[in-house]
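# return atomic coordinates for the entry below.
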Amino acid sequence: MTLLEKELSLQNIKYYTLTGSISKNKRKELVDRFQSKDDNTDVFLISLKAGGTGLNLTAASAVIHYDPWWNISAQNQATDRAYRIGQNEKVQVFYMVMKDSIEEKIVQMQKQKKELSDTFIEDNSINISQMSKEEILELFS
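Next comes the predicted model:
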């Protein structure tokens, strides 16, 4: 996030930053300012840990994930912060992942985990006892 802040400053782009170290009062103040029609701040940098409960950003028009987590649910919740009652605009979601990096491997693992979850949750006719030895071993590779 520090690198993004530095680049935004160099480009004279107005931004807010929200991390876990920011107090609840300051957090509310930043969100309220960003949500205000009078605010002309272009970017709101939010760490996934800080972007939890009670955060609504219907003023956002884009969500950019630049540091994937192992837990895809945390990213999905962060995206959902822009999709709330009161959102009148389309919201674009982008994932920035460096090629041949650990992040790329994390994203691939998330995809596999989602496919596996979908298989067991969406298609309840399949269960682990129906998987081949190779399919089970693939879960741990």
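
# of all the helix elements in this structure, which one is longest?
helix 102-122 (DSSP state H).

# show me what counts as buried in it.
103, 106-107, 110 (16 or more other C-beta atoms under 10 Å). Glycine gets a C-beta too; all of them are placed from N, C-alpha and C.

# can you check stretch 67-82 too?
Residues 68, 72, 75, 78, 81-82 are the ones in stretch 67-82 that count as buried (16+ other C-beta under 10 Å).

# and the two most separated of those?
Taking every pair in the buried residues of stretch 67-82 and measuring C-beta to C-beta, the maximum separation is 17.8 Å, between Pro68 and Ala82.

# so which of the buried residues of stretch 67-82 are in helices?
Filtering the buried residues of stretch 67-82 for helices - DSSP H - leaves 72, 75, 78.

# ok, the first one - contacts?
Spelled out, that is Ile72. Contacts for Ile72 (C-beta atoms under 8 Å, 6 or more residues apart in numbering) come out as 110, 113-114.

# let's have the residues you listed in TSV, adding distance to Thr41 and pLDDT.
Listed next are the contacts of Ile72 as TSV, based on distance: C-beta to C-beta, whole Å; pLDDT from 0 to 100:
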residue	distance to Thr41	pLDDT
Gln110	30	80
Lys113	35	78
Lys114	33	77
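
# what about the strands in the protein?
Assigned by DSSP state E, the strands in the chain fall at 15-18, 43-46, 62-65, 92-95.

# can I get those in TSV with distance to Lys6 and mean neighbour count?
As requested, the strands of the chain are exported to TSV (distance: least, C-beta to C-beta, whole Å; neighbours: other C-beta atoms under 10 Å):
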stretch	distance to Lys6	mean neighbour count
strand 15-18	11	18
strand 43-46	11	21
strand 62-65	16	16
strand 92-95	20	12
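
# could you dump the ones you listed to CSV with mean pLDDT and distance to Thr119?
As requested, those are arranged in CSV below (pLDDT from 0 to 100; distance: least, C-beta to C-beta, whole Å):
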stretch, mean pLDDT, distance to Thr119
strand 15-18, 91, 36
strand 43-46, 89, 32
strand 62-65, 84, 24
strand 92-95, 86, 23
